[in-house]
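[1] predicted model and sequence below, questions to follow.
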Amino acid sequence: MLNRSHYTDAGHYLNNVFVRYQIRFIALNNGIDTATSHMNTTTSVNVRGTLNVNREKGKFIGSFAAYGYLKAPADHHSCRVHSAQFRDNSLCVNLLR
């Protein structure tokens with residue numbers, strides 16, 4: 001059974017010791033995560049920066065290729081035409097004309 005001094009000790013560690021030593025503490029049962037919003041913001045900025053650089057280089061950054069294309073096996077940042085689906089698309093376009 002936890003008493004008041006245990007909660008005081010836990011608060012001391014969460015607010016002082018872990019912060020001083022840059023320790024991230026996660027308690028799944030209590031929903032405690034000592035990650036600061038600064039860490040989350042830094043991660044978000046870094047991810048967006050990486051995606052922007054890849055876009056500027058013309059690299060494909062999506063999870064899935066559009067219909068009629070496949071992600072290239074050797075380089076997942078580029079796409080190539082999927083020949084069978086491209087043929088089907090060509091037939092549909094020609095029928096609509």
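    Now that the structure is in, tell me what you want to look at. Numbering: from 1, shown residues only.
[2] can you show me the helices along this structure?
    4-12, 18-20, 37-56, 83-96 (DSSP state H).
[3] shaky segments in this protein?
    Flagging of the chain using pLDDT under 70 yields the residue ranges 1-7, 34-38, 85-97.
[4] count of neighbours near residue 39?
    Here the number of neighbours of residue 39 (other C-beta atoms under 10 Å) works out to 12. For glycine as for every other residue, the C-beta is placed from the backbone atoms N, C-alpha and C.
[5] same question for residue 40.
    The criterion is other C-beta under 10 Å. On that basis, residue 40 has 10 neighbouring residues.
[6] from residue 60, how far out is it?
    Relative to residue 60, residue 40 is positioned 27 Å away (C-beta to C-beta, to the nearest Å).
[7] repeat for residue 42
    Distance check for residue 42 against residue 60: by C-beta to C-beta, it reads 26 Å.
[8] okay, the two: which has more neighbours?
    When residue 42 and residue 60 are compared for neighbours, residue 60 comes out ahead with 17 against 11, by other C-beta under 10 Å.
[9] isn't that one up against residue 80?
    No. In this structure, residue 60 is not within contact of residue 80 by C-beta atoms under 8 Å, at 10.4 Å.
[10] which non-adjacent residue is nearest residue 69?
    Across the structure, with C-beta to C-beta, 6 or more residues apart in numbering as the measure, the residue nearest residue 69 apart from its sequence neighbours is residue 79 (4.4 Å).
[11] number of nearby residues for the one you found?
    Applying other C-beta under 10 Å, we find 16 other residues in the vicinity of residue 79.
[12] return the residues in contact with it.
    60, 65-66, 69-72 (C-beta atoms under 8 Å, 6 or more residues apart in numbering).
[13] switch the residues you listed over to JSON lines; also include distance to residue 47.
    Supplementary listing: those in JSON lines, determined by distance: C-beta to C-beta, whole Å:
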{"residue": "60", "distance to residue 47": "17"}
{"residue": "65", "distance to residue 47": "21"}
{"residue": "66", "distance to residue 47": "23"}
{"residue": "69", "distance to residue 47": "24"}
{"residue": "70", "distance to residue 47": "25"}
{"residue": "71", "distance to residue 47": "20"}
{"residue": "72", "distance to residue 47": "23"}
